[in-house]
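Asks: sequence first, then the predicted structure:
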Amino acid sequence: MASRGQTIVNPNTKKPLSDQTPAAGKHLLLYPVHIPPTMNDKEVWFPHKTFLVITCVDHENYRCAWEALMWPRLSFIFYAVRWQYLTVSNGKTKYEVVEVFGGLIAYIILFFLKNKLNKSFGVAAEALKMRCEQA
């Protein structure tokens with residue numbers, strides 16, 4: 001199920017789909033983007049809607065991935081791909097996130113946001129841990 005600020009949408013109309021189950025090929029609307037993750041709508045870093053396409057949902061191996069669709073025909077300017085993994089070993093679960101930025105402005109974005117992005121990943125991981133422990 002998509003969380004607050006994430007909605008699976010029809011790629012043509014951008015309207016939410018009745019089935020919010022993530023699957024490869026579905027489009028995800030992310031809005032607003034909170035960096036750092038204060039969830040305070042007065043501190044929104046990226047006020048525009050960001051569209052993502054889910055590229056992988058692998059239930060068997062506990063993996064998922066998506067790509068940003070900010071400039072689909074201009075990926076040399078900027079692109080982003082995120083992979084998330086869960087690895088289970090010896091009764092413990094490890095959560096990993098790999099975010100790849102590329103294109104001409106990727107270095108500029110990372111220069112200004114690297115610490116805030118790292119903090120955001122840490123907070124997301126901690127929130128996932130707390131949610132899993134409550135289940």
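Replies: That came through fine.

Asks: distance of the residue of the chain positioned farthest from its centre from Lys15?
Replies: Relative to the average C-alpha location in the chain, and by CA atoms, centre = their mean, no residue lies farther out than Asn90, which sits at 28.0 Å. According to CB to CB, to the nearest Å, Asn90 and Lys15 sit 45 Å apart. From N, CA and C alone the C-beta is placed, and that goes for glycine too.

Asks: how near is Arg63 to Arg82?
Replies: Look at Arg63 and Arg82: by CB to CB, they are 11 Å apart.

Asks: same question for Gly25.
Replies: Separation of Gly25 from Arg82 (CB to CB): 16 Å.

Asks: between these two, point out the one with more neighbours.
Replies: Relative neighbour count places Arg82 above the other of Gly25 and Arg82, with 17 against 10, counting by other CB atoms under 10 Å.

Asks: pretty sure that one is in a strand, no?
Replies: Yes - when the secondary structure is assigned by DSSP: H, G, I helix; E, B strand; the rest coil, Arg82 falls within a strand.

Asks: that one is in contact with Trp66, isn't it?
Replies: Yes - under the criterion of CB atoms under 8 Å, Arg82 is in contact with Trp66, at a separation of 5.8 Å.

Asks: low pLDDT regions in this structure?
Replies: Residue ranges of the chain with pLDDT under 70: 1-5, 34, 36-48, 70-73.

Asks: can you give me the helices for it?
Replies: With DSSP state H applied, the chain shows helices at 106-134, listed in chain order.

Asks: can you map out the strands along it?
Replies: Counting by DSSP state E, the segments of the chain that form strands are 6-9, 27-30, 50-58, 63-68, 79-89, 92-102.
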